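*Asks:* model the structure of this input:
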Amino acid sequence: MLVIGTVLATVAPSLRGFVASRRSSDAAAQIAALAKHARSQAAVEGRVYRLNLDTDTGEFWLTVQNGAEFETLPDEFGRTFSLPDGVSARWEAPQQTENPGWIAFYPDGRTYATDIRLEDTDGRITRVVCMAPAERFQIIASEER
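*Replies:* Residues are numbered from 1 along each chain as shown. Presented below is the predicted three-dimensional model:
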């Protein structure tokens, strides 16, 4: 028991960091999955989709254009997701001159170059990026600030 207790005491701090980094990686995977879904559905349906991200509340969700309005999707992809506790987001869409609170996916398959940065309380950054309008979103490994 003493050996097991000693091993756990030495490993526990590194496991805490691992769990914290997994939360931001999981959130990045959710964002990338929503972006992939939005892009494919925009092409299939011929409608504009938006991936919305509220950096103040840490919430993100998809909407779809219906006439002049954007509506929340009526399925699982339309629910509001939240970043885990201790993870904040900020993003840049340098070519997008419109509202920076969302990124649009058009029926022709294009979007804007985007860099969404998720940062945890330990300063680790996980990025969800789209380098060019026709490229897919990808997750760039965590890095220290």
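
*Asks:* can you give me the helices for the protein?
*Replies:* 2-45 (DSSP state H).

*Asks:* pLDDT weak spots in it?
*Replies:* Scanning the chain with the threshold set as pLDDT under 70 gives 1-22, 93-100, 142-145.

*Asks:* dump the residue contacts of the residue most central in space within it.
*Replies:* By Cα atoms, centre = their mean, the chain has its centre lying nearest to I31, at 2.9 Å. The contact partners of I31, taken as Cβ atoms under 8 Å, 6 or more residues apart in numbering, are L51, L53, F60, I116, L118, V128, F137. Bear in mind the C-beta positions are built from the backbone N, C-alpha and C, glycine included.

*Asks:* can you tell me how far it sits from P74?
*Replies:* 21 Å (Cβ to Cβ, to the nearest Å).

*Asks:* with Y106 instead?
*Replies:* Y106 is 21 Å from P74, by Cβ to Cβ.

*Asks:* so the two - more neighbours on which side?
*Replies:* Y106 (17 against 8; other Cβ atoms under 10 Å).
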